[in-house]
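Asks: sequence and predicted model, in that order:
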Amino acid sequence: MSLTLLDWRRTVAALYADVRASSERDPNGTLERFRTGRDALFRDHPDSPLAPESRSAFTGLPYWPHDLPMRFEATIEALPSEQHTTRGISGETFPLERIGRVRLPIGDLDVYWIAVYGGGIFIPFRDATAGTETYGAGRYLLDTVKGADLGGSGDRLVLDFNYAYHPSCAYDPRWSCPLAPPANRLDVAVRVGERL
């Protein structure tokens, strides 16, 4: 752990705190601030997933336009706890505990507790854009270990696909990222959030 990585995580957590505080009353402005902040991290931060030689040419991450109906507040359907592992891009494994499922108009996603560091809610997904319009291994919707938390209360989660993002390993293989398990593969094309 370095102090610069601590700064990265604090900055990410602050971006998501703004989303939780502001997105209902100002969805467009909040998303724009989030994307601007994410671009600044990628361009300027020493712990950017971009290789240093790529940062000078970086002009911003590509996104699809904001699609307000792709924001959902979903109840976590309780399921029996199941232990899983998912692979990383380099073949390593990550322990996951399935704690429930959310049913969305675009498909169902399992909700995991990722058992690394301090643990947290983890919802990766892979959709029909994977490998062509988005990273082939999928994107992340929530990863609360790293501050990616869109809100909710009790057994409800805010799941806004406009904030879907590629894991760091999409930019540089030096990063290790858990990938979307088979249960979180959607048949539809989710053309919101970050794209290639």
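Replies: Perfect, I can see it now. Numbers count the residues shown, from 1 in each chain.
Asks: now the element after the lowest-mean-pLDDT helix or strand in the chain, going C-ward?
Replies: Using mean pLDDT, DSSP states H and E, strand 77-87 stands out as the lowest-scoring helix or strand of the chain, at a mean of 85. Counting by DSSP states H and E, the next helix or strand C-terminal to strand 77-87 is strand 93-104.
Asks: in the least confident helix or strand of the chain, what's buried?
Replies: Under the neighbour-count criterion of 16 or more other CB atoms under 10 Å, strand 77-87 has 84, 86 buried. To be clear about C-beta, it is placed using only N, CA and C from the backbone, and glycine gets the same treatment.
Asks: that one pairs with which strands, parallel or anti?
Replies: strand 93-104 (antiparallel) (DSSP bridges).
Asks: average pLDDT across the partner strand?
Replies: The average pLDDT within strand 93-104 is 92.
Asks: stretch 36-50 too?
Replies: What stretch 36-50 shows for mean pLDDT is 95.
Asks: buried residues, that stretch. List them.
Replies: 37-38, 41-43, 45, 48-50.
Asks: in a markdown table: those, plus secondary structure.
Replies: A markdown table is the format used below for these (DSSP: H, G, I helix; E, B strand; the rest coil):
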| residue | secondary structure |
| --- | --- |
| Gly37 | helix |
| Arg38 | helix |
| Leu41 | helix |
| Phe42 | helix |
| Arg43 | helix |
| His45 | coil |
| Ser48 | coil |
| Pro49 | coil |
| Leu50 | coil |
